[in-house]
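Undergrad: Structure of the sequence below:
(one chain, ligands or ions: 1)
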Amino acid sequence: MPNFCAAPNCTQKSTQSDLPFFRFPRDPARYQKWVENCRRADLEDKTPDQLNKHYRLCAKHFETSMICRTSPYRTVLRDNADPEDLHYSFSFFAPWCHLVQHTLKGEH
Ligand SMILES: [Zn+2]
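TA: Okay, the predicted model is just below:
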């Protein structure tokens, strides 16, 4: 079974690329932050255990400084790493960025 990224609008699958995927943390303070940043209502009533077992986020949603490659086969997140706010990075910010870049290119 490939892993799917839990972020809204992210279509990364573990079989398609060598991007690392990270499980949801079990730590209550942290998993809530992850759920919050995912902005997915359906994740809000999952238990930390369910999230940890079944949901993952791909490395695209983390700052590169938060990701450590401990060996060629193993990539881990730093203990305090939280994903970026996915609502901003996908639904709002990314399309907006794209539009601006497009407009700027058109002017030159
Ligand atoms: Zn993703």
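Undergrad: OK, contacts around Val35?
TA: Val35 is in contact with 24, 43-44, 46, 51, counting by C-beta atoms under 8 Å, 6 or more residues apart in numbering. Glycine gets a C-beta too; all of them are placed from N, C-alpha and C.
Undergrad: Spell out which residues of this structure are next to the ion.
TA: Contact residues, the chain versus the ion (C-beta under 5 Å from the ion): 5, 7, 10, 12, 58, 60.
Undergrad: which intervals of this protein have sub-threshold pLDDT?
TA: 1, 87-108 (pLDDT under 70).
Undergrad: Adding neighbour count and secondary structure, write the contacts of Val35 out as JSON lines.
TA: Shown next, in JSON lines, are the contacts of Val35 (neighbours: other C-beta atoms under 10 Å; DSSP: H, G, I helix; E, B strand; the rest coil):
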{"residue": "Phe24", "neighbour count": "24", "secondary structure": "coil"}
{"residue": "Leu43", "neighbour count": "17", "secondary structure": "helix"}
{"residue": "Glu44", "neighbour count": "11", "secondary structure": "helix"}
{"residue": "Lys46", "neighbour count": "17", "secondary structure": "coil"}
{"residue": "Leu51", "neighbour count": "20", "secondary structure": "helix"}
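Undergrad: farthest pair in the residues you listed?
TA: Spanning the widest gap among the contacts of Val35 are Phe24 and Glu44, at 12.5 Å by C-beta to C-beta.
Undergrad: which among the contacts of Val35 gets closest to Ser17?
TA: Nearest member of the contacts of Val35 to Ser17, counting by C-beta to C-beta, is Phe24, at 20.1 Å.
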